[in-house]
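Asks: Take this sequence and fold it.
(chains A, B, C and D)
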Number of protein chains: 2
Amino acid sequence: MEGLLKLFNFAAMEKVTINDIARLTGLSKGTVDRVLHNRGEVSKKSYEKVMACIREMGYEPNVYASLLAGKGKGSIAVVLPRPEEGSYWELASSGIGKAEESGRQVGVHTQLFTYDELSAESFREVCAKVLSSKPSGVVIAPMFQYETQVFVQELSSRNIPYVFVDTKLEEPAGHLAFFGIPAYKSGYLCADMLLQGEKAKEILVVRVMRDKERSSDPTIDRRAGFQDYIREHNPACTLRTIFVNPIDPVATDEALSAFFTDFPDVRHVVMFNSRIHLIVPYLERNPRTGMHIVGFDNLPANIAGLKKGIVTMLIAQHPEQQVQDAISTLIDYIVFHRKPARTENHMHMDLLTRYNVEDY
Amino acid sequence: MEGLLKLFNFAAMEKVTINDIARLTGLSKGTVDRVLHNRGEVSKKSYEKVMACIREMGYEPNVYASLLAGKGKGSIAVVLPRPEEGSYWELASSGIGKAEESGRQVGVHTQLFTYDELSAESFREVCAKVLSSKPSGVVIAPMFQYETQVFVQELSSRNIPYVFVDTKLEEPAGHLAFFGIPAYKSGYLCADMLLQGEKAKEILVVRVMRDKERSSDPTIDRRAGFQDYIREHNPACTLRTIFVNPIDPVATDEALSAFFTDFPDVRHVVMFNSRIHLIVPYLERNPRTGMHIVGFDNLPANIAGLKKGIVTMLIAQHPEQQVQDAISTLIDYIVFHRKPARTENHMHMDLLTRYNVEDY
DNA sequence: TGATATTCCGTTACCGTGCACGGAATTTTT
DNA sequence: AAAAATTCCGTGCACGGTAACGGAATATCA
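Replies: You can find the predicted model right below:
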């Protein structure tokens, strides 16, 4: 048989079909199909023969024929924090749209599930909903370590593949892939971009006050990376922190005003979350020359700040790209049975200035 | 009929097939297929009826069925300058690989044609070869305005779609799309990145001497953008130019050495082509502190210079992405009959530093 | 008017897989 | 050993579209 197969392999060359396998093994395509999807009702002998032949001939199923013949391929659940208007998570959600398009063609549709990013309880509820929707794949932006752990265990036991975006669990889990940026490094980069090889005496770090329950927060690592850079390259520099209230612009303005009367010489400002736009209105009304202001993420409001010339640079994580890639990866896995090239995908940290932001 | 169709449209909702159209028009799917690919042999009356019905029902062909039934879809020719080792065009060529993968699945294969970027004659020869290969689509990186003009006219007359990368013709042509970065703006951006809001007294502009025949050169516009930025933001600054020989490292070192003995205070260096790596060896052996060095393109050698800390920043055009997008666009058009969203695609100018270059 | 072109259109056999159905081959039961 | 239960496997249709083939309807010619 060996010889015969080799011969055939050479002759057929291009594309081996299920019929070829059937003919070569002396079985029918029905049987071949059964072993391909190993759904039983095949004798051990036949099974081995078919498997050998498949390997020998390098058979690869024709995806298009399969798609044409098959029914729907199920749905993909995307689990994200509930997006507020113009927020980071709204940007992330927007990635679903494009992925949905390509998914629809292969009979996969995408469903968004959102939870309150401050409440582990709401996350648990949403997980239950997701499970009862019987998805064939799940994309998760995890905020709560423990709850997520429980959730993915359940997914594993049901053989449902899942992909993390933005953050992943600390313990190595059975995730199909992860898409995000390295938080620590992004902070390091941020410092480099802020200082540009110069020295600064003082830097203003603006933080938002939030009593959030979430247990994994990339801004913590980001701040660590930033501080390490300063320690290494500019140890004489002082970091001065103020807190602002994201839902109270007046208080924010007052806080900034107070700061700059106390420290009028500060020229460098940084924020580690996606809300650098919060400080734009104040600086627009109270312009200061020679400012270097660096923030994160390509939110519309941030980009507006960039174009106005208030914000010097944004480091973009492109969350929309992350969820898009995550969904594509799942589709590839579910429909085409292809595993992603890499499990951990550290996405490129994009640097945005007023001069390169136009072209996306 | 109007009413009936509306009704059906509502009822069918999800996916309209060619059989539905046939049934609704009282014709056979053979006829419907003929109008869909307008290959004649259909009476005007039937043609109109089918077209109306298609529009009414929002019919979209099932790509997978089509792919399954159809034969090969032909080939795409990619016309680029012959890549030297580690050059810009080698990077561009590498984009073919990934596109080839997705193309193969739909029965389209990609073929690379290269010409000598210094010889219009060789370009003409290659064009002839391309035509005789009867491609169903062409990607062109044009160097010679006139010859390209002639070539695309020929393509047009044969109804072969073509896409430009890197540069396009000055006169609006019938190209399906263009992928590249805005040259002038990239120079402007480059100046902004080099100075970072500071002032400089002098800037070294390094150029290569090449007596090339090519008639469209993006580095010219790039230099213009750079100069305009300087004029606007830093008019007191002097640009000092030296020329280096790309194939003679020793002479390059001497030129740099001579320059820095004459002007030891210069801290800013820029090159407008993709060869910033040429000056890396000298600066590695003769380190100077506080240097700001900006160049273009993510060539391996340039990235190495970045990682060593010699080059401060690279502005990447990602030519590999450009040709990949170009090929995808052609495939979309040839196979799926979809036109690209935009004809002119100004790609994002990516800013690379030593801290964000790791993750591609 | 009958013969011959020409235009137009329906039929049909694929493309490669998925899957239901029923039947043959084999084993277990009585 | 015949009947019943299993195990195993082949057949055939469906999926939506392509395109060759040949025939019906109409137009053109003698």
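
Asks: show me where chain A has helices.
Replies: Ranges of helices within chain A are A:2-12, A:18-25, A:29-36, A:44-57, A:63-69, A:88-105, A:120-132, A:145-157, A:183-195, A:218-233, A:249-262, A:280-285, A:300-307, A:319-336, based on DSSP state H.

Asks: What's the mean pLDDT across the third one?
Replies: Think helix A:29-36. Per-residue pLDDT over helix A:29-36 has a mean of 92.

Asks: which residues are in contact with that helix?
Replies: Contact with helix A:29-36 is made by A:18-19, A:21-22, A:25, A:40-42, A:46-47, A:50-51, A:54, A:61, as judged by Cβ atoms under 8 Å, 6 or more residues apart in numbering or on different chains. Just so you know, the C-beta spots here come from the backbone N, C-alpha and C atoms, and that holds for glycine as well.

Asks: Give me the angle between that helix and helix A:44-57.
Replies: On the basis of axes from the mean of the first three to the mean of the last three Cα atoms, to 10 degrees, helix A:29-36 is oriented at 80 degrees to helix A:44-57.

Asks: can you count the residues close to the closest residue to residue A:221 other than its chain neighbours?
Replies: Spatial nearest neighbour of residue A:221, excluding adjacent residues (Cβ to Cβ, 6 or more residues apart in numbering or on different chains): residue A:183 at 3.7 Å. The burial count assigned to residue A:183 is 22, neighbours taken as other Cβ atoms under 10 Å in any protein chain shown.

Asks: Can you say which of the helices of chain A is nearest to residue A:355?
Replies: Closest to residue A:355 of those is helix A:300-307 (Cβ to Cβ; 9.5 Å).

Asks: quick one: contacts of the closest one?
Replies: Applying Cβ under 8 Å, 6+ apart, the set of residues contacting helix A:300-307 is A:86, A:274, A:276-277, A:280, A:295-296, A:311, A:313-314, A:352-354, A:357.

Asks: The residue nearest to residue A:277 when sequence neighbours are not counted - how many residues pack around it?
Replies: Sequence neighbours aside, residue A:301 is the residue nearest to residue A:277 in space, at 3.6 Å (criterion: Cβ to Cβ, 6+ apart). Counted by other Cβ under 10 Å, the residues lying close to residue A:301 total 18.

Asks: same check, this time on residue A:247
Replies: Neighbours of residue A:247 using other Cβ under 10 Å come to 9.

Asks: how much space between it and DNA strand C?
Replies: 51 Å (Cβ to the nearest atom of the strand, to the nearest Å).

Asks: Could you do residue A:82 as well?
Replies: 36 Å.

Asks: For that residue, which residues are in contact?
Replies: Contacts of residue A:82 (Cβ under 8 Å, 6+ apart): A:89, A:114, A:115, A:116, A:117.

Asks: List the residues that contact the nearest residue to the last one once chain neighbours are set aside.
Replies: For residue A:117, ignoring the flanking residues on the chain, the nearest one in space by Cβ to Cβ, 6+ apart is residue A:81 at 3.5 Å. Counting by Cβ under 8 Å, 6+ apart, residue A:81 makes contact with A:89, A:114, A:115, A:116, A:117, A:141, A:143.

Asks: Just the buried residues from these, in ChimeraX please.
Replies: Those of those that count as buried under 16 or more other Cβ atoms under 10 Å in any protein chain shown are selected in ChimeraX with:
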select /A:89,114,115,117,141,143
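
Asks: quick check, nearest of the contacts of residue A:81 to chain B?
Replies: Of all the contacts of residue A:81, chain B sits closest to residue A:141, with 19.0 Å by Cβ to the nearest Cβ.

Asks: Quick check: residues of chain A near DNA strand C?
Replies: A:15, A:17-19, A:29-30, A:33, A:36-37, A:59-62, A:65-66, A:68-71 (Cβ under 7 Å from any atom of the strand).

Asks: Filter those residues to keep only those in contact with DNA strand D.
Replies: Contacts with DNA strand D within the residues of chain A next to DNA strand C, counted by Cβ under 7 Å from any atom of the strand: A:29, A:30, A:65, A:68, A:69.

Asks: of those, buried ones?
Replies: Neighbour counting with 16+ other Cβ under 10 Å marks residue A:68 as buried within these.

Asks: Out of the ones next to DNA strand D among the residues of chain A next to DNA strand C, which two sit at the greatest distance?
Replies: A:30 and A:68 (17.9 Å).

Asks: near chain B, which residues of the stretch 251-360 of chain A show up?
Replies: Proximity of the stretch 251-360 of chain A to chain B, by Cβ under 8 Å from any Cβ of the partner chain, involves residues A:290, A:292, A:312, A:346-351, A:353, A:355-356, A:358-360.

Asks: try 7 Å
Replies: The interface of the stretch 251-360 of chain A toward chain B, taken as Cβ under 7 Å from any Cβ of the partner chain, is made up of A:290, A:292, A:346-351, A:353, A:355-356, A:359-360.

Asks: Switch these over to a markdown table; also include neighbour count, pLDDT and distance to residue A:217.
Replies: As requested, these are exported to a markdown table (neighbours: other Cβ atoms under 10 Å in any protein chain shown; pLDDT from 0 to 100; distance: Cβ to Cβ, whole Å):
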| residue | neighbour count | pLDDT | distance to residue A:217 |
| --- | --- | --- | --- |
| A:290 | 8 | 89 | 32 |
| A:292 | 20 | 95 | 25 |
| A:346 | 16 | 92 | 18 |
| A:347 | 20 | 91 | 18 |
| A:348 | 17 | 91 | 22 |
| A:349 | 24 | 93 | 18 |
| A:350 | 21 | 94 | 21 |
| A:351 | 23 | 96 | 23 |
| A:353 | 18 | 95 | 27 |
| A:355 | 20 | 93 | 32 |
| A:356 | 24 | 93 | 29 |
| A:359 | 12 | 66 | 32 |
| A:360 | 12 | 63 | 28 |
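
Asks: what's the neighbour count on residue A:328?
Replies: Residue A:328: 17 neighbours (other Cβ under 10 Å).

Asks: quick one: contacts for it?
Replies: residue A:99 (Cβ atoms under 7 Å, 6 or more residues apart in numbering or on different chains).

Asks: Out of the contacts of helix A:300-307, the closest to residue B:261 would be?
Replies: residue A:353 (34.5 Å).

Asks: Identify the bridge partners of residue A:177.
Replies: residue A:163 (DSSP bridges).

Asks: quick one: it and residue A:329 touch, right?
Replies: Yes. Shown here, residue A:177 and residue A:329 form a contact pair, counting by Cβ atoms under 7 Å, at 5.1 Å.

Asks: Tell me where the model's unsure across chain A.
Replies: A:1-14, A:71-72, A:102, A:104-105, A:211-215, A:359-360 (pLDDT under 70).

Asks: I'd like the distance between the nearest residue to residue A:184 once chain neighbours are set aside and DNA strand C.
Replies: Excluding the flanking residues, the one nearest residue A:184 by Cβ to Cβ, 6+ apart is residue A:225, at 4.1 Å. Distance, residue A:225 to DNA strand C, by Cβ to the nearest atom of the strand: 47 Å.
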